[in-house]
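S.K.: here is my input, please return the structure:
(one chain, ligands or ions: 2)
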Amino acid sequence: CRPFDARGFAALDKPFLEGVYADPYYRARREALTVVSLTCATGCETCFCHWVGGGPTSPVGSDVLITEIEGGYVLQAVTPRGEELLGATDLADGAEKFPLAEAARKAAWASLVPAPDLKDAAASLRAVFDDAAFWEAETARCLSCGACTYFCPTCYCFNITDEGEPESPCGGKRLRSWDNCMSSRYTREASGHNPRPHKFQRMRNRVSHKFWTYPENWGSFLCSGCGRCIANCPVCLDIRAIVLDAVAAARGRAGA
Ligand code: SF4
Ligand code: SF4
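M.R.: Numbering: from 1, shown residues only. Ligands and ions are numbered 1, 2, ... in the order given. Here you go, the predicted structure:
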């Protein structure tokens, strides 16, 4: 994967492994996973990993980091699991190439446009939470298709359904499946009541979870800046613009 995907695993680990309700199913899959990341050679128009604490060469969440150099790739272990993986291969020792890999990683960082300061993001989103006009304007052209969540390496909303017939010889199953908080049905209750009937409320929830409430609980953004939600949105909604608009709106209020 890419470093922003690996950072996604690190973000999911917090609620699923470190929370009050550590999840044994997630743990089993996570412990069976070895993450090998290919660093990015340059930034791109939609990615913003360096805005949110990552970067094109971030090792967070990876067991092995691969860096492309002229004529090949350099593989470097990040964790004991990564060392074990590389130790089991018959790849040539590439230590003499490490300086070339380091130079390639520095060049990747040098290609980035400087990041804005998002330290006020959480407080700003809190400040504009009740501003329905702000959220309606930010969400107006959203189609509620959910692509932004399904492409996201840090989105983890899920649904639970009971399927099959428990009394039959085959038994029933309780299934957990990935779900999409941008869907109007996501929060609909059995009574028919929906606490987030409007799409602006769902967008507000998504952005606030990533840049306000998750950081409050876990100390980092629930966004690795991959930009896939931007690149794959059919109407070009940009989560970066929403967060920056919230910061500007909150500053405007504070100055008013
Ligand atoms: S991908 Fe774009 S249009 Fe689809 S739900 Fe997300 S923001 Fe809305
Ligand atoms: S940039 Fe979008 S898709 Fe990527 S982690 Fe952040 S919210 Fe998810």
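S.K.: and the longest helix seen in the chain, how far out from the chain's middle?
M.R.: As assigned by DSSP state H, the longest helix anywhere in the chain is helix 239-255. Between the centre of helix 239-255 and the centre of its host chain there is 21 Å, according to Cα atoms, centre = their mean, to the nearest Å.
S.K.: ok, that helix near ligand 1 or not?
M.R.: No - judged by Cβ under 6 Å from any ligand atom, helix 239-255 stays clear of ligand 1, getting no closer than 8.1 Å. C-beta: built from backbone N, CA, C; applies to glycine.
S.K.: so what secondary structure elements neighbour that helix?
M.R.: In this structure, helix 239-255 makes packing contacts with helix 121-127, helix 132-139, helix 199-208, helix 228-231, judged by 3 or more Cβ pairs under 8 Å, 6 or more residues apart in numbering; DSSP states H and E.
S.K.: just give me how far the last one sits from the chain centre.
M.R.: Taking Cα atoms, centre = their mean, one finds helix 228-231 lying 11 Å from the centre of the chain it belongs to.
S.K.: just the CA coordinates for it, please, in PDB.
M.R.: Only the C-alpha atoms of helix 228-231 are listed here, as PDB (Å, rounded to 0.1, in the frame of the first residue of the first chain):
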ATOM      1  CA  ARG A 228      -9.200   9.700  -2.500                       C
ATOM      2  CA  CYS A 229     -12.500  11.300  -1.300                       C
ATOM      3  CA  ILE A 230     -11.600  14.400  -3.400                       C
ATOM      4  CA  ALA A 231     -10.400  12.500  -6.400                       C
END
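S.K.: need phi/psi at residue 60.
M.R.: phi -60, psi 130 (degrees, to the nearest 10).
S.K.: once you drop chain neighbours, what's closest to residue 120?
M.R.: Excluding the flanking residues, the one nearest residue 120 by Cβ to Cβ, 6 or more residues apart in numbering is residue 247, at 5.4 Å.
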